[in-house]
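Peer 1: structure for this input, please:
(2 chains)
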Amino acid sequence: MGSLQLKSVRKSFGPVDVLKGIDLDVKDGEFVIFVGPSGCGKSTLLRIIAGLDDATSGNILIDGSEVSAVPPAKRGIAMVFQSYALYPHLSVKDNMGLGLKQAGAPKAEIEARTKKASSMLSLENYLARRPAELSGGQRQRVAIGRAIVREPKLFLFDEPLSNLDAALRVNTRLEIARLHRELKATMIYVTHDQVEAMTLADKIVVLDGGVIQQVGSPMELYNRPANLFVAGFIGSPAMNFIDASRLGRSDATTIGVRPEHMALSRESGEWTGRVVHVEHLGADTIVYLDSEKAGLLTVRLFGEHHYEPDEIVHATANAGQLHRFGDDGKMIR
Amino acid sequence: MSKARTSLSRTAIVHAALIAYTLIAVFPVFLTIINSMKNRNAIFRNPMQLPTPATFDLVGYRTVLGQGDFALYFQNSLIVTVVSIFLVLLFGAMAAFALSEYRFRGNTLMGLYLALGIMIPIRLGTVAILQGMVATGLVNTLTALILVYTAQGLPLAVFILSEFMRTVSDDLKNAGRIDGLSEYSIFFRLVLPLVRPAMATVAVFTMIPIWNDLWFPLILAPGEATKTVTLGSQIFIGQFVTNWNAVLAALSLAILPVLVLYLAFSRQLIRGITSGAVK
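Peer 2: Down below sits the predicted model:
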């Protein structure tokens, strides 16, 4: 129903290069998430796919046909915005139906599609209301409904959960995951939140500095990060990086180990250090150590553990879960 | 307001100031209206007195309405004001939309150029305007007045509206583009309703100087068929004798239409403000 190809897409604003040649293949039905720190160009890329911005050079193909000169409304896309962007003077129903009405669809069809979308999102009771009379979560559901009604080839989401509070964010995240399963549509989703990326995506595209750092499934990125940036960006708390020379190793420049891949002991271990701070989260305990050999380390222990600041403990990395990075920051396989 | 944030003396001072200001603003209007309903002697003897049964006299209104042409003067004033407001709002909003929405070379310069008129009084160009109107044969037409007033109102309109339009969310406009709205529908159906309070403000600011203007009607359209109310009432003011009854009656009548227009716009203004506040 909808595939997308980007071929060396570049974008510059004056002398500033925001995107430095993006190549990407999105298959039909995939859920792809662009993730990266703010300013990495992910939103710009989404706007270029939508046709709201022009690429400086490069090709964009939707379903195999070039769309660079096609206006947004004719690209077969629908977009959900961070700020909902509902039409304030229209009812929920008219908000959802406007795109079809503009395209000249018959009334009965608009009616049927609006009904279907609103029942998927349990919005039936709110159809006559204006956006101002809805809560934030309901507004975002209407915005998603407006996208569904168009039955697009591509769904584009621009940080749709950022304006919602934590509890609603989880609910809406589940809802989006369910919609993706039911609609089997191709979805492209931009976020800076790596938890959203890990939980929703079939495929994550990590962007930094206008360049794709790595493309892969969530577990690929977690287990085999291509470089230091991806390793540090994916996973929370972030991976520990240790200067390899301090450990006396010559097969790498930097050694990475995830906080959850270490064990602590009071008796003995690889790296001896002093506890700086302890965070108790119930399910996890996060211990920050200042070690002689490895510098500041974060260790994530499952369940409740009791350590006191200034206590001397020993940390050991699990065998086989060390990541090695070379001079250029790339992973050594 | 909550009790914690108000004190009696402060409230009293604020109210006293506001009441004083209201009295100062309303007093001339009040004086004009009461005196328009008195006979000539009473106007001069006791200008502050309310009309009593003895002094009540509608001779001014009879003179004004009896002259017959006054209906035409009113019509002229209304046509000029309403058409000018319409054109100022339409072109001002369109220019403001272009300035705030599209990135193009010289955008800032163009904005400055369009706003420059706020600082330069249009009357400085009267001679050139008159020459232009003579050359195009527009002297003694309402079109001449409408053109001048539209030019006079545009700078402020562009300035105020472009500031307001910058505040309309980009996402909303983009959502419209994805839904297939043309740039014109985005302008008319999404942006204009959201800047309605600003439009009402501009309309009020534009309307009052136009309605009250004597200068341009006198110079560009002094003919009988194109006189406005302000110019028309001048016939009662002579070098030696002034028919005060008629002048005051004409001015009182002239307040009405502009008051109606103002009320219409200010309702929009209030509605616009509240709809934004409870969002």
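Peer 1: name the residue of the stretch 1-150 of chain B that lies nearest to chain A.
Peer 2: Closest contact between the stretch 1-150 of chain B and chain A, by C-beta to the nearest C-beta, is at B:Arg103 (9.6 Å). (Glycine included, C-beta is placed from N, CA and C.)
Peer 1: tell me where the model's unsure across the chain.
Peer 2: Unless you meant another one, I'm taking chain A. Flagging of chain A using pLDDT under 70 yields the residue ranges A:1.
Peer 1: actually it's chain B I care about, not the one you picked
Peer 2: Using pLDDT under 70, chain B drops low at B:1-3, B:68, B:269-279.
Peer 1: for the stretch 101-250 of chain A, which residues are neighbours of chain B?
Peer 2: Taking C-beta under 8 Å from any C-beta of the partner chain, the part of the stretch 101-250 of chain A that reaches chain B is made up of A:102-103, A:132, A:146, A:150, A:158.
Peer 1: and A:His89, what does it touch?
Peer 2: Listed by C-beta atoms under 8 Å, 6 or more residues apart in numbering or on different chains, the contact set of A:His89 reads A:130, B:189, B:193.
Peer 1: revised request: answer the last question for B:Ile255.
Peer 2: B:Ile255 sits next to B:29, B:32-33 when contact means C-beta under 8 Å, 6+ apart.
Peer 1: what residues sit buried inside the helix or strand harbouring A:Ala143?
Peer 2: Here A:Ala143 sits within helix A:136-149, counting by DSSP states H and E. Judged by neighbour count (16 or more other C-beta atoms under 10 Å in any protein chain shown), helix A:136-149 contains these buried residues: A:137-149.
Peer 1: try stretch B:120-137
Peer 2: The neighbour-count check on stretch B:120-137 (16+ other C-beta under 10 Å) flags B:122, B:129, B:133 as buried.
Peer 1: report the distance from it to the chain centre.
Peer 2: How far stretch B:120-137 lies from its chain's middle: 22 Å, per C-alpha atoms, centre = their mean, to the nearest Å.
Peer 1: now, of the residues of the stretch 101-250 of chain A next to chain B, which are buried?
Peer 2: Buried residues within these, counting neighbours by 16+ other C-beta under 10 Å: A:146, A:150, A:158.
Peer 1: can you tell me, leaving aside adjacent residues, what's nearest to the second one?
Peer 2: Right, A:Arg150. Nearest non-adjacent residue to A:Arg150, counting by C-beta to C-beta, 6 or more residues apart in numbering or on different chains: A:Ala78, 4.5 Å away.
Peer 1: and if you look at A:Pro218?
Peer 2: Distance criterion C-beta to C-beta, 6+ apart; nearest residue to A:Pro218, sequence neighbours excluded, is A:Met198 at 4.6 Å.
Peer 1: ok, the one you found touching A:Tyr222?
Peer 2: Yes: applying C-beta atoms under 8 Å as the test, A:Met198 and A:Tyr222 come out as touching, 7.5 Å apart.
Peer 1: up against chain A, what does the stretch 151-279 of chain B have?
Peer 2: B:169, B:171-172, B:174-181, B:189-190, B:193-194, B:275, B:278-279.
Peer 1: who's in contact with the residue nearest the centre of chain A?
Peer 2: Centroid-nearest residue in chain A, with C-alpha atoms, centre = their mean: A:Ala197, separated by 3.1 Å. Residues in contact with A:Ala197, defined by C-beta under 8 Å, 6+ apart, are A:33, A:35, A:191, A:204, A:218, A:234.
Peer 1: make TSV from these and add secondary structure to it.
Peer 2: Output for the contacts of A:Ala197, formatted as TSV (DSSP: H, G, I helix; E, B strand; the rest coil):
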residue	secondary structure
A:Ile33	strand
A:Val35	strand
A:Thr191	strand
A:Ile204	strand
A:Pro218	helix
A:Ile234	coil
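Peer 1: and which of those residues is nearest chain B?
Peer 2: A:Thr191 (15.9 Å).
Peer 1: where do the helices sit along the stretch 1-150 of chain A?
Peer 2: Assigned by DSSP state H, counting those that start in this stretch, the helices in the stretch 1-150 of chain A fall at A:42-50, A:92-102, A:107-120, A:136-149.
Peer 1: B:Leu145: which of these is closest?
Peer 2: Nearest to B:Leu145 among the helices of the stretch 1-150 of chain A is helix A:92-102; the distance by C-beta to C-beta comes to 40.4 Å.
Peer 1: I would like the residues contacting the closest one, please.
Peer 2: With contacts defined as C-beta under 8 Å, 6+ apart, helix A:92-102 is touched by A:73, A:78, A:86-87, A:90, A:109-111, A:113-114, A:117-118, A:123, A:126-131, A:134, A:142, A:145-146, A:149-150, B:178-181.
Peer 1: separation between the residue nearest to B:Leu145 when sequence neighbours are not counted and A:Leu45?
Peer 2: Spatial nearest neighbour of B:Leu145, chain neighbours left out: B:Val80 (4.8 Å); criterion: C-beta to C-beta, 6+ apart. Here B:Val80 is placed at a distance of 53 Å from A:Leu45 (C-beta to C-beta, to the nearest Å).
Peer 1: report the buried residues of stretch A:177-189.
Peer 2: Of the residues in stretch A:177-189, those with enough neighbours to count as buried (16+ other C-beta under 10 Å) are A:179-180, A:183, A:185-189.
Peer 1: so which of those is the closest to chain B?
Peer 2: Nearest to chain B out of those is A:Ile188 (C-beta to the nearest C-beta; 13.6 Å).
Peer 1: in a helix, that's where that closest one is, yeah?
Peer 2: No: the assignment for A:Ile188, made by three-state DSSP, is strand rather than a helix.
Peer 1: check contacts around it.
Peer 2: Listed by C-beta under 8 Å, 6+ apart, the contact partners of A:Ile188 are A:4, A:26, A:32-34, A:46, A:49, A:154-157.
Peer 1: how about 7 Å then?
Peer 2: With contacts defined as C-beta atoms under 7 Å, 6 or more residues apart in numbering or on different chains, A:Ile188 is in contact with A:26, A:32, A:46, A:49, A:154-156.
Peer 1: same question, A:Asn240
Peer 2: With contact taken as C-beta under 7 Å, 6+ apart, A:Asn240 is in contact with A:256-257, A:259, A:297-298.
Peer 1: ok, 6 Å please
Peer 2: Contacts for A:Asn240 were tallied using C-beta atoms under 6 Å, 6 or more residues apart in numbering or on different chains; they are A:257, A:297-298.
Peer 1: perfect, I'm done here.
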